[in-house]
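Asker: what's the 3D shape of this:
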Amino acid sequence: MTELHSESQNIENLAQCIMDAFKEQNLEAGNVLQYQELYPYLQERYPKYKDVQKEAEHHLTKLAYVTPAPEGLMLTQVGYNSMDKGVS
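Answerer: Sure thing, here's the model as predicted:
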């Protein structure tokens, strides 16, 4: 995934990358993507993810796509339904 210079674009791109990780893991609504599985995925596809990770997670939470969990991010029904449509 191409890293852009705009912070807002980086946040949106990383948010999409996080949703792609849910899709690749075949997770359904209510399942948690653990950080220990998410971080290697992000490192490979978006090496500078740490710069905007918190903002991207907050963006997905505001969209009701994920809910923070102690061990990772839980996919919501809204997030599950949106996976084929892409993050707005």
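Asker: quick one: what helix or strand has the residue nearest the centre of the chain in it?
Answerer: In the chain, the residue lying closest to the centroid (CA atoms, centre = their mean) is residue 18, at 2.2 Å. Using DSSP states H and E, residue 18 maps to helix 7-24.
Asker: what helices or strands is that helix leaning on?
Answerer: On a contact count with 3 or more CB pairs under 8 Å, 6 or more residues apart in numbering; DSSP states H and E, helix 7-24 meets strand 32-34, helix 35-45, helix 53-62, helix 77-82. For glycine as for every other residue, the C-beta is placed from the backbone atoms N, C-alpha and C.
Asker: quick one, what contacts the residue nearest to the centre of the chain?
Answerer: 33, 38, 42, 56, 57, 60, 66, 73 (CB atoms under 8 Å, 6 or more residues apart in numbering).
Asker: if you set the cut-off to 10 Å instead, what comes out?
Answerer: Contact analysis of residue 18 by CB atoms under 10 Å, 6 or more residues apart in numbering lists 33, 38, 41-42, 46, 49, 53, 56-57, 59-60, 65-66, 73, 75, 79, 87.
Asker: before we move on, what about residue 68?
Answerer: Contact analysis of residue 68 by CB under 10 Å, 6+ apart lists 32, 57, 58, 60, 61, 74.
Asker: Among these, the buried ones, what's the ChimeraX command?
Answerer: Selection of buried members from these for ChimeraX, criterion 16 or more other CB atoms under 10 Å:
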select :32,57,60,74
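Asker: what ranges of the chain fall below the confidence cut-off?
Answerer: Along the chain, segments meeting pLDDT under 70 span 1-5, 85-88.
Asker: With adjacent residues omitted, what lies nearest to residue 37?
Answerer: Nearest residue to residue 37, sequence neighbours excluded (CB to CB, 6 or more residues apart in numbering): residue 25, at 6.9 Å.
Asker: count of neighbours near that neighbour?
Answerer: 15 (other CB atoms under 10 Å).
Asker: Could you report the neighbour count for residue 82?
Answerer: For residue 82, the tally of surrounding residues (other CB under 10 Å) stands at 18.
Asker: ok, now which ones touch it?
Answerer: Contacts of residue 82 by CB under 10 Å, 6+ apart are 19, 60, 63, 64, 65, 75, 76, 88.
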